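1. heads up, no residue letters with this:
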C-alpha cells in the first residue's frame, strides 16, 4: 500500500510513519523538513498544491506512475487538493463535493436546511440584503464569519445591522443567529457510513470566540446529553455524505437542543488529538491519517481519566516576564510550550494565532480537571507592559 499525505505537519508525519506500507508526503515548497523519526518508507515531494490546474498536472505526471492506494490530508489547505487528487487517480479518499460543503459554511447551512434543519441556527448570506435585514430584526445578536474561515479569524458578534461593515456585506461572509450555551467539539471516524465517536471536548472561549481551553471528557455534559450530541453529529455527517474518514465538528448545546456551528473532514487542532490519546488510548492522529489504508482505531491503555489543553494569553503590549512551568495542586502538566519571550510584542487576541503558548494537563477526574484548568488560568504566565 502507498498512502499520499498532502500538507502534513511534523506530528502528522510522525503518525504516518507508524502505518504499514509506503508514505508519500506532498508538501508546499519551503515547508519545514521532517525529523528523522519519520523517514521509514517515506518519500517527500514538493509542489504548490493550492494551485489547482498545476497540482492536477503534478498528480497525473508524478503521482499516477507511483500507483498510490489513497490520498488524504489533515490540513485545512490540503483537504480539497487531496480530494481532487484522489478523484483524478480513482483511488480512496474523501469525495470532493463532501469536502467542499464542509469547508464552505454557507453550503453546509443550505444542505442542513434541506436535510436536518433542526441543527441550524437562522442564517443569511452576506450579499442578500433583505435576508440580512430580517436576520438582524428577528434574531439579533448575529455572528459574522468568513464563509471559508478557520481558527476563529475575523469572527465578530454584532448587535444591529448598522454594526455590519460594508466590506462584510458580500458573498464571502456568512451571518448567523448567535446561539448561547456551551460549545463542544466532537471527534469521529467514519467507515462505510458508520460513525465511531472517539472524544468530545468542552471548549473555553473568549468573548471574541477564540478558544482558550479544551477539556475531555466534557465536564458539563452527562451521559444522556453526550448521546444527544453524538446523534446530532451523526445526522450532520449523514446529511453531508461524509461516509469515510475523520471529522471534527463544533456544536452548541442549550438544554437538549444541539446546534451545529461547523464541521471539517479532519481531526481537531489545538492538541485535541493528545486529549483523545490520554483519555482513551487511541492514537487519533494515526487513525485519522491512516483510515484509507486500514489503520482503524487501535486502543491502548488510557493514561488519564481527564485531560485538557490550556492556551495562554495576555493584554496587548511588550512581554515583560514569562513564568516557569508551575506545579499544580490538582492534576499534572504533561506538556508545556510558551512561544514568546521578554521583549516580544503581544497583539490583541483576534484569532488562534494570537495565543502565546499552551499546556496539556492530565487529571484523575473531570472535576479535578476543571479545578486544574482554573488554577492554571489564574496564574500570570505571560506578563505584558504597554508598548511604547
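-> Here it is on my side, so go on. This is a predicted model, so every value here is computed, not measured. Residues are numbered from 1 along each chain as shown.
2. All the helices of the stretch 51-200 of the chain, residue numbers only.
-> 52-58, 79-89, 96-103, 105-115, 129-139 (DSSP state H, counting those that start in this stretch).
3. buried ones in the first one?
-> This means helix 52-58. Applying a neighbour-count criterion of 16 or more other Cβ atoms under 10 Å, one finds 55, 56, 58 buried in helix 52-58. The way it works is simple: take the backbone N, C-alpha and C, and place the C-beta from them, glycine included.
4. okay, and for the protein, where does confidence drop off?
-> Scanning the chain for pLDDT under 70 picks out the ranges 40, 150-152, 207-208.
5. Determine the longest strand present in it.
-> In the chain, taking DSSP state E as the definition, the longest strand is strand 194-205.
6. quick one: secondary structure of the residue sitting nearest the centre point of the chain?
-> The residue lying closest to the centre of the chain (Cα atoms, centre = their mean) is residue 268, at 3.4 Å. Put simply, residue 268 is coil when judged by DSSP: H, G, I helix; E, B strand; the rest coil.
7. which ones are touching residue 183?
-> Applying Cβ atoms under 8 Å, 6 or more residues apart in numbering to residue 183 gives the contacts 202, 203, 205, 250, 251, 252, 253, 261.
8. Pairing partners for the host helix or strand of the fourth one, with directions?
-> Spelled out, it's residue 250. In the assignment (DSSP states H and E), residue 250 maps to strand 245-254. Under the criterion DSSP bridges, strand 245-254 sits next to strand 182-191 (antiparallel), strand 257-264 (antiparallel) in its sheet.
9. which one of the ones you listed has the most crowded surroundings?
-> For the strands paired with strand 245-254, the largest average neighbour count (mean count of other Cβ atoms under 10 Å) is found in strand 182-191, namely a mean of 22.
10. tell me the secondary structure for residue 343?
-> Applying three-state DSSP to residue 343 yields a three-state assignment of coil.
11. longest helix of this protein?
-> Longest helix in the chain by number of residues (criterion: DSSP state H): helix 223-240.
12. Surely residue 334 touches residue 363?
-> No. Using Cβ atoms under 8 Å, residue 334 is not in contact with residue 363, being 10.3 Å away.
13. quick one: common contacting residues for these two?
-> Common contact partners of residue 334 and residue 363 (Cβ under 8 Å, 6+ apart): residue 307.
14. State the distance from the closest residue to residue 139 other than its chain neighbours to residue 113.
-> Leaving aside its sequence neighbours, residue 139 sits nearest to residue 177 (Cβ to Cβ, 6 or more residues apart in numbering; 3.9 Å). Between residue 177 and residue 113 the computed distance is 13 Å (Cβ to Cβ, to the nearest Å).
15. More neighbours: those two, which one.
-> Applying other Cβ atoms under 10 Å to residue 177 and residue 113 shows that residue 177 carries more neighbours, namely 18 against 13.
16. quick revisit: parallel or antiparallel, list what pairs with the longest strand of the chain.
-> Sheet pairing for strand 194-205, assigned by DSSP bridges, gives strand 182-191 (antiparallel), strand 211-216 (antiparallel).
17. For that strand, what is the distance to the chain centroid?
-> Remark: strand 194-205 is offset 11 Å from the chain centroid, using Cα atoms, centre = their mean, to the nearest Å.
18. Same check on stretch 9-23?
-> For stretch 9-23, the gap between its own C-alpha mean and the chain's C-alpha mean amounts to 19 Å (Cα atoms, centre = their mean).
19. same thing with stretch 322-341?
-> Relative to its chain's centre, stretch 322-341 lies at 23 Å (Cα atoms, centre = their mean).
20. Go through it and flag the buried ones.
-> 322, 328, 330, 331, 333, 338, 340.
21. Same question for stretch 97-108.
-> For stretch 97-108, the neighbour count (16+ other Cβ under 10 Å) marks 98, 99, 101, 102, 103, 105, 106, 107, 108 as buried.
22. how about these in CSV, adding distance to residue 377?
-> CSV is the format used below for the buried residues of stretch 97-108 (distance: Cβ to Cβ, whole Å):
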residue, distance to residue 377
98, 37
99, 36
101, 36
102, 31
103, 32
105, 30
106, 35
107, 36
108, 32
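23. and of the residues you listed, the nearest to residue 128?
-> Minimum distance to residue 128 across the buried residues of stretch 97-108 is 10.3 Å, recorded for residue 106 (Cβ to Cβ).
24. dump the residue contacts of the residue nearest to residue 204 when sequence neighbours are not counted.
-> Leaving aside its sequence neighbours, residue 204 sits nearest to residue 213 (Cβ to Cβ, 6+ apart; 3.6 Å). The contact partners of residue 213, taken as Cβ under 8 Å, 6+ apart, are 203, 204, 308, 309, 310, 311, 373, 377.
25. one step back: return the member of the contacts of residue 183 nearest to residue 17.
-> residue 250 (29.5 Å).
26. Just give the nearest non-adjacent residue to that closest one, would you?
-> Once flanking residues are discounted, residue 250 sits nearest to residue 261: 4.1 Å by Cβ to Cβ, 6+ apart.
27. ok, that neighbour - contacts?
-> Going by Cβ under 8 Å, 6+ apart, residue 261 touches 179, 183, 250, 251, 252.
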